[in-house]
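> Need a 3D model of the following:
(one chain, ligands or ions: 1)
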Amino acid sequence: MKVDYLIVGSGLSALVFGALMANSGKTVKILEAHEYPGGFGHTFTMAKKYKFNAQFHYVWDCGPGQLVDRVLKKLDLSKDVTFEQYDPDGFDHMRMPGYALDISSSPQTLIERLSTLFPNDRDRLAKFINEVEKTGAGLKKLAPPIKPIELLKHSGEVVCAVQYLNSTLQDVFDKFRLPQAAQTLLALQWLDFLLPPNQLSFYAWVALFRGYQAGAFYPTQHFEQVINSLVDTIESNGGSLLFNQEVTQFRLTGKTVTGVQATNRLTHQTEEFTGDTVICNIDPQRAAKMIGIEKFSSSVRRKLDYEYSASNYMVYCVVKDLNLQDYGFGKWNVSHTGHQDLNEAFAQMYDRNDFSNPSFAITTPTLLSNAGGDCPEDCQIVEFLTVANYDYFRTLRDTDRKAYNQKKQEILDSILDVVENYYVPDFRKHMVFHITGSPTTNERYCWCPNGNSYGSKLTPSNMGLGRLNYETSLKQFYFCNASSGYPGFAPTFWTGTLLYQHLSGDLILGND
Ligand SMILES: Cc1cc2nc3c(=O)[nH]c(=O)nc-3n(C[C@H](O)[C@H](O)[C@H](O)COP(=O)(O)OP(=O)(O)OC[C@H]3O[C@@H](n4cnc5c(N)ncnc54)[C@H](O)[C@@H]3O)c2cc1C
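Numbers count the residues shown, from 1 in each chain. Prediction:
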């Protein structure tokens with residue numbers, strides 16, 4: 001049966017778009033290659049009792065009246081899907097030998113903490129933090145839907161933001177001549193981008209840094225409930241999600257996309273699906289290759305020419321009879337670096353595959369909500385995340401499986417050595433379960449080309465005016481994913497909602 005919206009992929013932006021459309025009375029069908037919905041945000045169960053979310057850790061824009069809340073209200077989900085706030089006095093705990101900085105929601109408190117650590121640099125640190133505030137305020141005015149009157153009213157902030165269009169975070173650190181250790185502490189949430197300061201867009205850093213300052217959150221009933229609630233909305237409004245359906249071709253008549261061909265991964269049968277409009281939640285570059293890149297306008301072809309963001313290495317871990325709260329963990333993330341220079345730390349791990357002095361993030365989902373259900377009561381979940389090079393792991397896996405497994409173990413040991421040295425002395429003794437995910441694992445289960453983490457690389461050139469959006473230049477065909485919007489939980493809510501607004505005319509966020 002032909003539906004109004006045929007959606008390829010069930011990542012978060014697709015689920016948000018699909019739920020909004022289904023809720024408005026349109027017929028929606030989603031084809032998903034994996035056996036679970038949610039893409040990077042899917043939840044999987046191990047040993048029949050431990051639940052892990054593939055990639056989400058903490059999220060922003062979920063407080064009352066903020067973007068996610070507004071969309072959930074529209075879907076009548078805001079009473080069921082609720083969020084717990086991270087500690088506003090320190091939602092990110094930055095740690096490196098000799099230094100500790102807790103990032104607070106208040107810019108003034110942050111300036112005070114930095115000034116205590118670096119008393120001789122108080123002025124430049126304060127100027128930097130104030131510039132971040134101003135740039136962030138300007139970026140909000142420059143984000144679609146743009147209101148010209150607002151640009152005029154806030155011209156100071158807008159001009160401040162515009163000057164950094166091509167800047168990396170490092171450029172701005174250098175401009176304000178921040179001490180090296182202060183740079184590292186401020187940028188230690190670099191795992192949220194998987195890019196070091198000398199490559200990372202200042203805009204991307206400011207948006208995320210200020211987003212979390214305005215409130216860092218974790219879903220009360222875990223991420224699985226958020227994803228399931230969106231799926232329920234689609235299904236209860238007559239829509240459907242078909243799993244294990246890998247889309248292999250898009251069907252075109254002239255310049256109009258009319259449907260897709262999909263192969264059932266269990267039965268290996270192929271089937272045709274049609275829709276009045278086709279929404280592409282899979283990587284836009286991959287879809288464009290299936291369609292034929294020459295079919296797109298030159299402007300869209302240019303925007304499609306992005307490099308992928310780096311891949312990652314994850315450890316999903318369960319500890320038993322150990323209360324992590326006794327060891328400095330709580331309603332915050334802990335980010336650790338052994339290296340004082342994050343540019344060098346990144347190069348060592350990503351370019352040289354050397355993890356002897358690792359930089360990584362530690363998250364503790366079971367401490368963020370009392371809801372339980374993700375593991376037995378005498379256990380807690382801990383996850384470790386760092387960067388990893390896709391080509392290196394791919395070659396190892398394809399040529400020498402033993403060496404591939406050894407490398408995964410070597411990184412795990414290196415991280416656990418640091419954990420036992422600095423945080424929890426007997427960590428290994430309490431570890432009752434763990435699995436590690438490499439870049440090829442990411443590719444296999446999240447279906448992301450080259451195991452990429454955030455779609456296109458978050459460099460200034462990819463974050464600027466040439467960034468892809470939902471327009472494809474083909475008819476009845478739209479992109480809707482992190483690379484054609486922005487990566488992250490709230491940004492993919494925004495991406496799906498913006499496309500919904502555009503196609504329905506129903507304004508949730510404001511003028512399109
Ligand atoms: C390591 C890591 C940590 C992260 N941490 C956070 C965090 O703490 N907070 C935060 O806000 N964000 C985080 N993110 C980012 C966030 O997870 C993503 O930006 C977001 O989930 C992307 O959603 P999407 O809509 O682009 O779709 P995706 O999640 O990319 O989903 C695309 C879907 O399409 C499916 N698909 C692909 N090819 C096909 C095909 N041929 N046929 C059918 N289906 C197909 C896939 O299986 C998948 O379900 C993290 C990401 C990573 C990698």
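> how much space between Arg286 and Gly65?
Arg286 sits 37 Å away from Gly65 when distances are taken as Cβ to Cβ, to the nearest Å. For every residue, glycine as well, the C-beta is placed using N, CA and C.
> If you count surrounding residues, which of the two has more?
Between Arg286 and Gly65, counting by other Cβ atoms under 10 Å, Arg286 is the more crowded of the two (14 against 7).
> which one is the more buried one nearest to, not counting chain neighbours?
Nearest residue to Arg286 in three dimensions, chain neighbours excluded: Pro449, at 5.5 Å (Cβ to Cβ, 6 or more residues apart in numbering).
> OK, contacts around the one you found?
Asp283, Gln285, Arg286, Tyr308, Glu443 (Cβ atoms under 8 Å, 6 or more residues apart in numbering).
> which pair in the residues you listed spans the largest distance?
Gln285 and Glu443 (14.1 Å; Cβ to Cβ).
> hmm, back to that, looking at the contacts of Pro449, state which has the most neighbours.
Among the contacts of Pro449, Asp283 has more neighbours than the rest - 26 neighbours, counting by other Cβ under 10 Å.
> thinking it is in contact with Pro487, fair?
No. When contacts are counted by Cβ atoms under 8 Å, Asp283 is not listed as touching Pro487 (11.9 Å).
> any idea how far the spatially most distant residue from the centre of the chain lies from the ligand?
Relative to the mean C-alpha coordinate of the chain, counting by Cα atoms, centre = their mean, the farthest residue is Asn120 (36.0 Å). Distance of Asn120 to the ligand, computed by Cβ to the nearest ligand atom, to the nearest Å: 35 Å.
> How confident was the prediction at that residue?
Model confidence at Asn120, expressed as pLDDT, equals 97.
> cool, Gly372 as well?
Taken from the predicted model, the pLDDT recorded for Gly372 is 89.
> Are we agreed that it is in a strand?
No. The secondary structure assignment for Gly372 gives coil rather than a strand, going by DSSP: H, G, I helix; E, B strand; the rest coil.
> Dihedrals phi and psi, the residue lying closest to it once chain neighbours are set aside?
The spatial neighbour of Gly372 that comes closest, neighbours along the chain excluded (Cβ to Cβ, 6+ apart), is Thr366 at 7.9 Å. Recorded main-chain torsions at Thr366 are phi -70, psi -10, according to degrees, to the nearest 10.
> Name the SS class of Gly466, please.
Reducing the assignment to helix, strand or coil with three-state DSSP, the entry for Gly466 is coil.
> Would you agree it is in contact with Lys303?
Yes. At 5.7 Å, Gly466 counts as touching Lys303 under the criterion of Cβ under 8 Å.
> Which residue ranges of the stretch 201-350 of the chain form strands?
Per DSSP state E, counting those that start in this stretch, the stretch 201-350 of the chain has strands spanning 216-219, 240-242, 245-253, 256-264, 270-280, 311-320, 333-337. These are given in chain order.
> In CSV: those strands, plus mean neighbour count.
Written out in CSV, the entries for those read as follows (neighbours: other Cβ atoms under 10 Å):
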stretch, mean neighbour count
strand 216-219, 24
strand 240-242, 17
strand 245-253, 17
strand 256-264, 19
strand 270-280, 20
strand 311-320, 23
strand 333-337, 25
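> how about the residues of the chain near the ligand?
Proximity of the chain to the ligand, by Cβ under 6 Å from any ligand atom, involves residues 8-14, 31-34, 39-41, 55-59, 246-247, 281-282, 312, 385, 447-448, 453-454, 481-482, 487-489, 492.
> Show the average pLDDT along stretch 248-257.
97.
> Could you double-check that Tyr212 sits in contact with Phe91?
Yes. In terms of Cβ under 8 Å, Tyr212 counts as a neighbour of Phe91; the distance is 5.9 Å.
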